[in-house]
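Asker: curious how this folds, go ahead:
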Amino acid sequence: MKTIYVADDDKNICELLKSHIESAGYAVQIYSNGKSLLDAFNKMPCDMIITDIVMPVMSGYDLCKEVRKVSMIPIFMISANNDEIDRVLGLELGSDDYISKPISFRELLIKIKNTFMRQQSYGETQQGDVVSCMDIKLIKESREVYVDDTLLAATTKEFDLLHLFLTNQNRAFSREQIIEEIWGYDYYGDSRQVDHIIKRLRKKMLLLDARCRIQTVWGFGYKIGGQDEK
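Answerer: The predicted structure is shown next:
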């Protein structure tokens, strides 16, 4: 059974999240702030984290930064409704997705299910497979990405996006097509989330001097190419 840690200083929201997520067949542990969740995670890692942003002791932003130092597990952030600043900063810090308040529990459960299904599909049907482009190598079974021999720490969505590009080299994908492939048809957000993930991946690849680049197809979307366009 997958275990999900939830952090929110609103006790009522925590209890609602726990009730709905457990009804979908997952184990849930709730925490009142990021620090208590982080302490628990360091003792016993979970399979996913869902965290509010504004909390006492440790915010969701700081929690995300600390977890990303040691793990690439899926992290969903709960943000104020229609607050793009919250969403963008969360994505830049390494979160995989966001849930707007007031929370749509149907949306949340779909996102959780889709995320775990994609992880499972790699392990069951593509074990041992490796895809590559120039100096980038992606190992499906372990969900690891390397630039030459150096590990590129990819989050869940970053890995899935790179896999899409590497298995469809020279094919351009629109933002809408990427959303359908990576987030699923029931995605409730906007296409700008794609741009934030691309920006984050490009930065990581640039820091490792990767020769394989994500290319912008102006007016359409993105593909794996030989030139990185900023």
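
Asker: contact partners of the biggest helix by length in the chain?
Answerer: Ranked by residue count under DSSP state H, the longest helix found in the chain is helix 105-125. Helix 105-125 is contacted from outside by 2, 4, 16-17, 20-21, 24, 26, 47-48, 50, 74, 76, 96-97, 99, 140-141, 143, 156, 160, 163, 183-184, 186, 188, using CB atoms under 8 Å, 6 or more residues apart in numbering. C-beta: built from backbone N, CA, C; applies to glycine.

Asker: give the helix, strand or coil label for the residue found closest to Asp97 once you drop the neighbours it is linked to in the chain.
Answerer: Using CB to CB, 6 or more residues apart in numbering and skipping the chain neighbours, the partner closest in space to Asp97 is Phe76 (4.9 Å). Three-state assignment for Phe76 (DSSP: H, G, I helix; E, B strand; the rest coil): strand.

Asker: for Phe76, list the residues it contacts.
Answerer: Neighbour list for Phe76: 48-51, 95-99, 108, 111-112 [criterion: CB under 8 Å, 6+ apart].

Asker: among these, which lie within helices?
Answerer: Using DSSP H, the subset of these located in helices is 108, 111-112.

Asker: beta partners for the residue nearest to Asp97?
Answerer: Counting by DSSP bridges, Phe76 forms beta bridges with Ile50, Asp97.

Asker: assumed Lys223 was part of a strand.
Answerer: Yes: with three-state DSSP as the criterion, Lys223 is assigned to a strand.
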